[in-house]
Every structure is written in C-alpha cells, then in structure tokens.
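Peer 1: Give the three-dimensional model of this entry:
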Amino acid sequence: MITKIKAIVTQSVNPFFNIALEARLLEVCDENTVFLYLWKNDKTVVVGKNQNAFKECKVSLLESEGGHLVRRLTGGGAVFHDVNNLNFTFVAHADNYDLKKQQTVLITAVQKLGIKAEISGRNDILADGRKFSGNSFLTKGNLKMHNGTVLINTNHDEMAKYLTVSQAKMKSKGVDSVRSRVVNLVEFDNTLTTDKMTQVILQSFGEVYGLPVEIVDENSVGKNEVQTLVEKVFANDDFRFGKNPAFSNSVGKRFDWGEIEVVYQSQKGVITEVEVYSDALDVESVEQTKAFLLGKNIADLNKIKLDTKNKVLIDTVSLF
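Peer 2: Next up, the predicted model:
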C-alpha cells in the first residue's frame, strides 16, 4: 500500500552521478513508497542496458567535444541529453508500480501547459504526433523502475550529430531521421523551461497519487553509496562499453519489439562465445537469450522446442 510519495530533484548535471543516484533508489525504496526522481545531464548520450555503444553513438566525436557516454540499467534505445532536457525516474515495489498512473503524471503535467499529449507504441509519449518522451523499464527483484526523457528545448543538431540510429529503426517509425521524429515542448509554449516543467510535474505527481509530495534531499539516500556506484559501475569503461569483441559471425533483424544483433564465435558448430545487443525494452529477455545461445549447436537451434513466453528468444532463434 502506498502511504508516501517522495521526490528528489537534483541540481547535478553529471551523468555518472545522476544515473548512480537513480540506481541507488532501487536499494532504498521501501514497500510503502513511490519515488519520483527528476534530473538533467550535460551533453550526454545514454545507451540502453544491452546496446552496442559504438553502433549507437559516435563515441570518439562525443568525448572529444566534451560529452559523455553512459549506460543505464533499463532497456530501450540510445538518447541524447543536454541541460534543456528533463529526465524522470519512477521507482516502486511491484505492488505499487503502475505504468499507466506514472505516465498519467507526465501527460497531466503537459496538459497543464495547454499541450495535448498521448501515449504511442511501446514506449513513446507524443505531442502533435512527434515524440517528446521516450520511456524505458527495469525489474530488479521486487522493485520496478520506469524512466524517460521530457524534451524541453534540447539541441536537435547535437542529437543528430552524436546519435547513429539505424535506418531500420527510422523506417519502422515512418521517418527519415531522428531529428524529424522528435519535438521540443518549447515549440508549443515558448516560456517553458526545465524548472517550470519540474514544478508542474511535481504538482501532477501529488494530484495523480492523491498524496502530499515529500521533497527528499539527494544525500539522504546515501552519498557514499552513490559515489561507490559511480566508481565501480557507471564510470567504469567495462560497464560503459562492454567487451565489444571482434566476433566473426553475426545475425540480426528488427522485430516489432525492437532490434537485435547477435555476434558470436563457434567451434565445430557450437557457439562458444556470444554477445547480444538490443534496444528491446525487456532487459531480462535479452539476458535470457544470451544465456540460452551459449553452448548451443547452431544446426540444432531451430529444432529445439521452446517452452517460453520470451518473444525476444523465440525470434532470435529463428534467425539461425
């Protein structure tokens, strides 16, 4: 039962700190609380948990121009953040997690500004048919996370400059570039700022949940623990970039749930090493797919009767 709704609004624009603080909420959220965390990053590309960073972003260019590449815990695709983009995160126990209610907080906030908004597809929120918010998700034990963007006045030129979104993905969205697919909310309200949007979202949070919003200092959730996560996980190159091995074999395709690429080595027809890259929203499904493929005889894959609801696994096996 939800008895408390808490909000953290950080002034930090350091992406490693911000995403570590987000992860920390999964460790401190109790069974009676819903957390809303609002944050901004400076010149950052954030890739999904299972993506190949070098295929989604011009990493060398980004970092040579003072930008940052970070990897989040949730699934989905790569996004560009700057200080004119507001990010949100909801964290709650499974019993309290309500995606529709959480998205209603965002839609209600935007409607308060006189802007019509609607949910579209697997993870987008649109205004006038264009995306201003992409959402991603994670389940960790009995905790759930829902995070995403709210584009206020983000630099679209830099977004297009650093992101390398696949043409298959653009075609599936019916557009020819990432720039034409997204919209800044400032186009509908030229007085809008991230600070104004923050206040409207906090107001909507209380209204939708019917409880007073308790503003929580970011250090109260564990300053030292957050810094440890920065150093050991999020700023660590092994986590940011992964192995990115030069495997000799690969298969891939875009499905209705997202895109996948499997790169692997094999000996005598048996998969001995494998990496699975995907913008699928379900992180666990991708991890299960990787575990399933390792050690399998390629010739036998399509003969195996899969007793699973994991569509990512089913569709991936069909590629072999």
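Peer 1: now stretch 113-128, how far from the centre of its chain.
Peer 2: On the basis of Cα atoms, centre = their mean, to the nearest Å, stretch 113-128 is displaced by 17 Å from the centre of the chain it belongs to.
Peer 1: what do you get for stretch 93-110?
Peer 2: Centroid displacement of stretch 93-110 relative to its chain, using Cα atoms, centre = their mean, is 16 Å.
Peer 1: buried ones in it?
Peer 2: 93, 96-98, 102-110 (16 or more other Cβ atoms under 10 Å). Where you see a C-beta, it was placed from the backbone N, CA and C, and this is true even at glycine.
Peer 1: what does stretch 306-315 give?
Peer 2: 310, 312, 313, 315.
Peer 1: from those residues, which is closest to residue 45?
Peer 2: Lowest distance from residue 45 to these (Cβ to Cβ) belongs to residue 312, with 23.7 Å.
Peer 1: who touches that closest one in this structure?
Peer 2: 257, 260, 278, 280, 282, 285, 286, 288, 289 (Cβ atoms under 8 Å, 6 or more residues apart in numbering).
Peer 1: what's the neighbour count on the last one?
Peer 2: Neighbouring residues of residue 289 were enumerated by other Cβ atoms under 10 Å; the total is 24.
Peer 1: ok, now which ones touch it?
Peer 2: 260, 276, 310, 312, 313, 316.
Peer 1: repeat that with 10 Å
Peer 2: 50, 260, 262, 274, 276, 278, 280, 308, 310, 312-317 (Cβ atoms under 10 Å, 6 or more residues apart in numbering).
Peer 1: which of the residues in the helix or strand harbouring it are buried?
Peer 2: Element membership of residue 289, judged by DSSP states H and E, is helix 283-293. Using 16+ other Cβ under 10 Å as the test for burial, helix 283-293 gives 283, 285, 286, 288, 289, 290, 292, 293.
Peer 1: do stretch 50-66 as well
Peer 2: 50, 51, 52, 53, 55, 56, 57, 58, 59, 62.
Peer 1: Any idea how far apart the tips of it sit?
Peer 2: End-to-end distance for stretch 50-66, by Cα to Cα, to the nearest Å: 24 Å.
Peer 1: returning to that earlier point: distance to residue 75 added to the contacts of residue 312, as CSV?
Peer 2: Output for the contacts of residue 312, formatted as CSV (distance: Cβ to Cβ, whole Å):
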residue, distance to residue 75
257, 10
260, 12
278, 8
280, 6
282, 6
285, 9
286, 7
288, 13
289, 12
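Peer 1: How much space separates the spatially closest residue to residue 162 that is not a sequence neighbour from residue 81?
Peer 2: Distance criterion Cβ to Cβ, 6 or more residues apart in numbering; nearest residue to residue 162, sequence neighbours excluded, is residue 62 at 4.8 Å. Between residue 62 and residue 81 the computed distance is 12 Å (Cβ to Cβ, to the nearest Å).
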